[in-house]
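Chemist: task: produce atomic coordinates for the following.
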Amino acid sequence: MQRAIHNDGAYHTHSQAIADGTPFSIRLTLRMQWAFTLVELLVVISVLAVLAVLIFTAVRAAFESADNVRCITNLKQIGTATAGYCADHDGYFPGPSSTAVVPRYYSGQSGALPAYLDKYLSSVAADGKWRISKAFVCPAYARQQPLVTAPNYLTGSVRISGSSVRLWGHPAYTDYYGVFHSLDPAKPQSLLGSIDRSKQSAATSWAVRDADRTDFAGWLPRPTWLDKVPEKPIHRGHRNALFHDFHVAELSSQ
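Modeler: Next up, the predicted model:
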């Protein structure tokens, strides 16, 4: 036997509803007015799905924008620290520094740019203790690789009198063919002398920028950390760069 709700809120059977003078069909119609059809349900789900996509896109864009700003701030800090180092070392760049800059280092580590700049970045590592220099961690990279065990940034060269010169120098290393390369040909160069000779080159040649896998395509042997480097430019359509005159700007990745 079916039941219905009376105006007084009490439950009544179908026969009781008829006896009370309230047709059951009216009560059934009132209840059906609150029901969703399949089409209406699909419309609601579609609207919610569109809203979810819009919200996700907006949140992702906000994160990417924040990461980009923090990356630029990192490069400005590196530029300020490098300028301080040059001022204390007769205009010479810190080095010899490796091309690939890994943020993890220890105090006095040869070839590690963060080790040369640690006191200028207020991140001095205790003797023999490993640490991570936050200035050399691109936040967009860290979002993909929290352990930051691979290079986030690269050091570049400046053109002087038609030649490409690494003001950072280059540490000793053994190449793919077993040939040892000493420090002598690749000591750090004088920033002041370089800028005096080529001011335009200093302003247009990047000194440090974001790293991605395309930068190491020709390296032999293949670095063990290569798979941990972003496959494409981490900031999508551009890379952030610190130039040899210490200004920071975006470089198109196209």
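Chemist: only C-alpha atoms for contact and neighbour calcs from this point on.
Modeler: Will do.
Chemist: how about the strands of the stretch 51-200 of the chain, start to end?
Modeler: Using DSSP state E, counting those that start in this stretch, the strands of the stretch 51-200 of the chain run over 100-101, 104-106, 130-132, 153-155, 158-160, 163-165, 173-174, 180-181.
Chemist: adding mean pLDDT as columns, could you present the ones you listed in JSON lines?
Modeler: JSON lines is the format used below for the strands of the stretch 51-200 of the chain (pLDDT from 0 to 100):
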{"stretch": "strand 100-101", "mean pLDDT": "93"}
{"stretch": "strand 104-106", "mean pLDDT": "89"}
{"stretch": "strand 130-132", "mean pLDDT": "87"}
{"stretch": "strand 153-155", "mean pLDDT": "94"}
{"stretch": "strand 158-160", "mean pLDDT": "77"}
{"stretch": "strand 163-165", "mean pLDDT": "78"}
{"stretch": "strand 173-174", "mean pLDDT": "61"}
{"stretch": "strand 180-181", "mean pLDDT": "54"}
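Chemist: could you dump those to JSON lines with distance to residue 46 and mean neighbour count?
Modeler: Converted to JSON lines, these look like this (distance: least, C-alpha to C-alpha, whole Å; neighbours: other C-alpha atoms under 10 Å):
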{"stretch": "strand 100-101", "distance to residue 46": "47", "mean neighbour count": "22"}
{"stretch": "strand 104-106", "distance to residue 46": "47", "mean neighbour count": "21"}
{"stretch": "strand 130-132", "distance to residue 46": "46", "mean neighbour count": "16"}
{"stretch": "strand 153-155", "distance to residue 46": "43", "mean neighbour count": "21"}
{"stretch": "strand 158-160", "distance to residue 46": "55", "mean neighbour count": "19"}
{"stretch": "strand 163-165", "distance to residue 46": "57", "mean neighbour count": "13"}
{"stretch": "strand 173-174", "distance to residue 46": "59", "mean neighbour count": "12"}
{"stretch": "strand 180-181", "distance to residue 46": "63", "mean neighbour count": "12"}
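Chemist: any weak-confidence spans in the stretch 51-200 of the chain?
Modeler: By pLDDT under 70, the weakly predicted segments of the stretch 51-200 of the chain are 123-128, 173-187, 189-200.
Chemist: so where do the helices sit in it?
Modeler: Remark: helices assigned in the stretch 51-200 of the chain by DSSP state H, counting those that start in this stretch are 113-117, 139-144, 191-197, 199-204.
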